Structure formats: structure tokens, C-alpha cells
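Visitor: One predicted model, sequence on top.
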Amino acid sequence: MQMVPCRSYSSSPVFHFRLPPPSISAYVLLLLGFSAVFFICSQRQIPDVDNKVFFSETSPAILEDQLWDSPSTLRYHPCVRPTHKYEVANTWDRYITVRSNGGLNQMRTGISDIVAVARIMNATLVIPQLDKRSFWQDSSTFADIFDEPHFIRSLRGDVRVVGHLPKELESAPRARKHFSSWASASYYEDLAQRIWKEYQVIHVPKSDSRLANNDLPIDIQKLRCRTLYNALRFSSPIEELGKKLVERLRSHGRYIALHLRYEKDMLSFTGCTYGLNEAETEELRIMRENTNHWKLKKINSTEQRNEGSCPLTPKEVGIFLQSLGYLSSIWIYIAAGEIFGGQTYLEDLRFRFPNLVFKDTIATSEELNKFASHATQSAALDYIISVESDLFVPSYTGNMARAVEGHRRFLGHRPTISPDRKGLVVLFDKIDKGELKEGPKLSQLITQMHKLRKGAPRKRYGSLPGMKGRNRLRTEESFYENPFPECICGNGKTVHNI
């Protein structure tokens, strides 16, 4: 019997022709043949429909939600308005001048601390001078990086801020004071009672980490957030280009901002040489030996890596992101300076994720020219792109990583994945030894390992167990890494205990 092709019969034309009188057996054979054709056609179509519905649409959609959705489901939101006990700042005839040290984010958090210190000490703050002697050798002024008029205007009810000392005080004696690290409000209140009796001006050589993370008055904590997330707005050229670059990345869909801290200064500082050749290892050692303010000169690279104290390599980052389920077609923005080893160490990451871009990939040379010799301004572009990204992933926990994570928490706990470097090293070493292969098993292990490392709402961590004295303050989680609960509220309430 001749088989007929499967088709939709609802639209087929009807033909009338005369058949000879069939026998009963012919009818039976005809019925069996028709049934067989119908069964075959049905079986061909059912798997196609099932695959399309349950694998091509539903499952990837669910996976996408897990990969990109914000971990916050409790509607947390910023809450930085002063309490009813907060008083408007007075005009004080005593002044604090400060030199803000470090890179961009070290300066930003340091300035936020000094604003709060000026409030506690009832002082007028002079616009900070920026560090021009650090590793970055950047000559940028405050107004080059930040919107100075906005800064002064935004803090009007909190602290009086001026551009310069009054002329009559320019040559007046100043109290040069190194404020204590992680100091309490009472420390500054006591200091104010003593120092203002003799001086009208205090000069502070360093601004970073001048305030404790915890146990400060709630209005001081909120002021720190108002300063960092509102008053310290970037200058117009930086803001405008940053916004353009975000829009260009968004034109391709979702993007990941990867803070790939695989730069010469960081590898040298941490003593991490895994995967480098002898010449590169020696180059990093010499740099560490010749950097005076880096106290630790001899470092065991293997011990550093096993403790999770090394930045992930570009190859390790590629394995990490792929194992979590991110597709090779996703766009990844590298928020970093020059990668050590250049394209050599980026090859594997680029092979896994071809849409790997830097500032000079998505911006024109004309747009970047004005920032070419100003590393701090260039870092501000990275900061904007990282805060606005669909996912932020830092390969190492430094000032930039902490600042961006804190800002993203403040803005609604935008997804941030902090790699468990110590745990990942164990898995990567097994891959190197041939004991584990990339695939479903590795993916399951890495996904489970990071189930609770996606930036979900939580209270700030306290000091590590067993730490005593001032050393315990160093081990507390940074206020700027997680300003919850003082600056983040949920369900209309603020939780004050930590």
C-alpha cells in the first residue's frame, strides 16, 4: 500500500471519484493503513511541540530569572533622611582642611568620612585636596572629578563647605592632626573640646577610614550615605560619557561588569604569581621591593592563593562565569586598568566570551582623550558602568569592589556575585590535576557554592571571632560595602541593631 504524506486535512480540497465495490477485507486493510499514517504523523509532531514549549522557551526563561534577577524580594529601599532630632548645621569659624589619599574609591569614602567628622566637630570643611602622589600620579582636582557646586549645595543643611580658607586664616597656624583610624564619635567630640581652644584650623593628611563602621549615631551614618551617594556626584563630562557608554552596552542587551583586578600593582602587592612565567614573577617582586609603603616584601604565592587572597586569573573568571550558566554571547565590560600580560592572559576568557570589551572598545578616541592622562577620572567611568550593570562581578575584594557592591545594595540590591576564591581554588586545582572536568558536575559545585553570594539583603558583618582591641575594628565589614541597616529600609521600617 502506498503511504501518503502527512498534511493538515482541514484545508485540503475534496475530490469526488468512483471506486469499485470493495470487499470487507479491503475495508479493514484501508482502515489499518489510515491508522498507521495518522499514528506516524502524530508521533513526528508531538516531540517537536514538547521540545519547543518546555526546553526552548520555559526552561531558559527560568534560568534567565535565576541568573539576572535581583536577590531582593522584600522591597528594600534607601532611607537617608535625617531623624527628627537632627539640627541644621551652624556657620562655624573653625575649619578642617584635608588631603584625600588613595585612588578614586578610597578618596570617595574618605571624603564621606571627613564630612561626618566635620559635623561631629562643629567645623567648616574646606574642599578636599586630592592625592597626586599615589601610584596613579593623577593631577586631577576635586572639580575635575566631582561636581563641586552640587557638593557644596547638597550638604548645606549638614555641614558648611567652602572652596578656600578665609584670607585672614591662610597664614594662621594649623594643627596638623592624624585622626585615629576607625574612631568613634566620642573620640572626635573630645578632640574638638581640646583642639579648638588653641587653633582655628586643623589639617588632616589622610582621610581614609577615619570613622568606625558601627556604633555611630544613626544621623551620622545617614550623613555618610547622603555624602557618598548624593553629594559626591561626578563632574558633568564624566557623568555624560558614562551614561553614553552604558547606553551603548545596553543596546546589545544585558551586560556584566567584571572588575578584573589582574593588574600589575595588585599582583605585585598581593605577591600572586600563579600561572606567570619567571620573568613576570621577577618583575612583580622587584616592584614590591621598590614600593616603600608596601611593608610586606616576601610573600609565599602558593599560600596566598590557597587562602583565597589572590585575584582570580582571567581564565578562572571565564570558567567561573560559564559554570554559573552565563552564555558565551553575553557582553562583558572589563572595569579595570591595563591587564598584566595583555592579550596573552585574556585569550582563554575571550574564547569563552567573545564579546569582551573595554572603554576603548565602546568609546571613541576623541571621547577618551580628555581622560587619557587622568587615571582617577577614567576609573570614575568604570564605576558608573559597574553600578549600572545587570550583574557586577569582582575578581578581588578591593576598594572598588566594596564601593560598587555597597552602592548596588543601596540602590535595591542589584545582583552582585562575590566569588568564593578560596573554595574555587580547590576546584581549579582539581581541574589542573585532571581530577575534575568542566561540565555539569563543576557547574553544580560552583552554583551551589555561590547560592548565598549574590548580594541579597543582610545586616553588616561584625568583627571576626577572637579578635580583640583595635585589631577587631579592622576585620569588621566596611560600612560602605554594606550600609544596611542604617541607610537601607525594608517594609517602611529601619532596623538599627547590627
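Guide: Happy to help now that I have it.

Visitor: quick one, what contacts residue 193?
Guide: For residue 193, the contact set (CB atoms under 8 Å, 6 or more residues apart in numbering) is empty. Every residue, glycine included, has its C-beta placed from N, CA and C.

Visitor: Show me what the mean pLDDT comes to for the helix or strand where it lies.
Guide: Using DSSP states H and E, residue 193 sits within helix 185-195. Helix 185-195 carries an average pLDDT of 97.

Visitor: Stretch 80-88 too?
Guide: Over the span of stretch 80-88, the pLDDT mean works out to 95.

Visitor: Endpoint to endpoint, that stretch covers what distance?
Guide: 15 Å (CA to CA, to the nearest Å).

Visitor: Next: stretch 80-91.
Guide: Stretch 80-91 has an end-to-end distance of 23 Å (criterion: CA to CA).

Visitor: which of the residues in it are buried?
Guide: The neighbour-count check on stretch 80-91 (16 or more other CB atoms under 10 Å) flags 80, 86, 89 as buried.

Visitor: can you check stretch 426-442 too?
Guide: 427-428, 436, 442.

Visitor: can you list the weak-confidence ranges in the stretch 151-300 of the chain?
Guide: Within the stretch 151-300 of the chain, no range satisfies pLDDT under 70.

Visitor: Please enumerate the strands of it.
Guide: 161-162, 175-176, 201-204, 255-259 (DSSP state E, counting those that start in this stretch).

Visitor: Partner strands of the last one and their direction?
Guide: Strand partners for strand 255-259, identified by DSSP bridges, are recorded as strand 331-334 (parallel), strand 391-394 (parallel).

Visitor: How about residues contacting that strand?
Guide: By CB under 8 Å, 6+ apart, strand 255-259 touches 249, 317, 321, 326, 330-336, 382, 385-386, 389-396, 400-401, 404.

Visitor: same question, the first one
Guide: Outside strand 161-162, the residues within contact range by CB under 8 Å, 6+ apart are 95, 115, 124-127, 151-152, 155.

Visitor: And for stretch 454-463?
Guide: Contacts of stretch 454-463 (CB under 8 Å, 6+ apart): 71-72, 74, 76, 213-214, 405, 408-409, 413-418, 472-473, 475-477, 479, 481-485, 488, 490, 495, 497-498.

Visitor: Just those: which are in strands?
Guide: Among the contacts of stretch 454-463, the members falling in strands (DSSP state E) are 76, 488, 490.

Visitor: burial of residue 329, as a residue count?
Guide: 10 (other CB atoms under 10 Å).

Visitor: again with residue 158
Guide: Neighbourhood size, residue 158 [other CB under 10 Å]: 22.

Visitor: cool, and residue 308?
Guide: For residue 308, the count of nearby residues is 17 (other CB under 10 Å).

Visitor: coming back round to it: let me have the contacts of strand 161-162 in TSV, extended by neighbour count.
Guide: Shown next, in TSV, are those (neighbours: other CB atoms under 10 Å):
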residue	neighbour count
95	23
115	27
124	21
125	25
126	20
127	19
151	22
152	17
155	22
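
Visitor: hmm, which two among these are most spread apart?
Guide: 95 and 151 (16.4 Å; CB to CB).

Visitor: Nearest to residue 132 among the ones in strands among the contacts of stretch 454-463?
Guide: Using CB to CB, the ones in strands among the contacts of stretch 454-463 come closest to residue 132 at residue 488, 34.8 Å.

Visitor: Beta-bridge partners for the closest one, please?
Guide: residue 78.

Visitor: Output the below-cut-off pLDDT ranges for the stretch 351-498 of the chain.
Guide: The low-confidence ranges in the stretch 351-498 of the chain, as defined by pLDDT under 70, are 492-498.

Visitor: All the helices of it, residue numbers only.
Guide: 359-362, 365-369, 375-387, 399-410, 421-432, 440-449, 471-474 (DSSP state H, counting those that start in this stretch).

Visitor: helices and strands around the first one, which ones?
Guide: The reference is to helix 359-362. Here helix 359-362 touches helix 236-250, helix 375-387, going by 3 or more CB pairs under 8 Å, 6 or more residues apart in numbering; DSSP states H and E.

Visitor: Among these, which comes closest to residue 207?
Guide: With CB to CB as the measure, helix 375-387 is the member of those nearest residue 207 (14.5 Å).

Visitor: Can you give me the distance of the closest residue to residue 477 other than its chain neighbours to residue 409?
Guide: The spatially closest residue to residue 477, leaving aside those adjacent along the chain, is residue 461, at 3.9 Å (CB to CB, 6 or more residues apart in numbering). Distance, residue 461 to residue 409, using CB to CB, to the nearest Å: 13 Å.

Visitor: Which neighbours do the two have in common?
Guide: With CB under 8 Å, 6+ apart, residue 461 and residue 409 have common neighbours residue 482.

Visitor: neighbour-wise, which of those two wins?
Guide: Neighbour totals were compared for residue 461 and residue 409, and residue 409 leads with 26 against 14 (other CB under 10 Å).

Visitor: need the contact list for residue 222.
Guide: Residues in contact with residue 222 (CB under 8 Å, 6+ apart) are 79-83, 486-487.

Visitor: just residue 300 next, same as before
Guide: residue 271.

Visitor: nearest to residue 253, of the buried residues of stretch 80-91?
Guide: For these, the nearest to residue 253 is residue 80 (32.5 Å; CB to CB).

Visitor: Please name the residues that touch that closest one.
Guide: 222, 225-226, 229-230, 487.

Visitor: sorry, back to before: how far out from the middle of the chain is the helix holding residue 193?
Guide: Distance of helix 185-195 from its chain centroid, counting by CA atoms, centre = their mean, to the nearest Å, is 36 Å.

Visitor: now stretch 308-322
Guide: Taking CA atoms, centre = their mean, one finds stretch 308-322 lying 15 Å from the centre of the chain it belongs to.

Visitor: Need the CA coordinates for it. CSV is fine.
Guide: Output of stretch 308-322 as CSV, limited to C-alpha atoms (Å, rounded to 0.1, in the frame of the first residue of the first chain):
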residue,chain,number,x,y,z
GLY,A,308,41.8,32.9,48.6
SER,A,309,43.9,36.1,48.9
CYS,A,310,44.7,36.3,45.2
PRO,A,311,42.7,37.8,42.4
LEU,A,312,41.1,35.3,40.1
THR,A,313,43.0,34.9,36.8
PRO,A,314,41.1,35.8,33.6
LYS,A,315,41.0,32.1,32.7
GLU,A,316,39.5,31.3,36.1
VAL,A,317,36.9,34.0,35.8
GLY,A,318,35.9,32.5,32.4
ILE,A,319,35.4,29.1,33.9
PHE,A,320,33.5,30.6,36.8
LEU,A,321,31.0,32.5,34.7
GLN,A,322,30.5,29.7,32.3
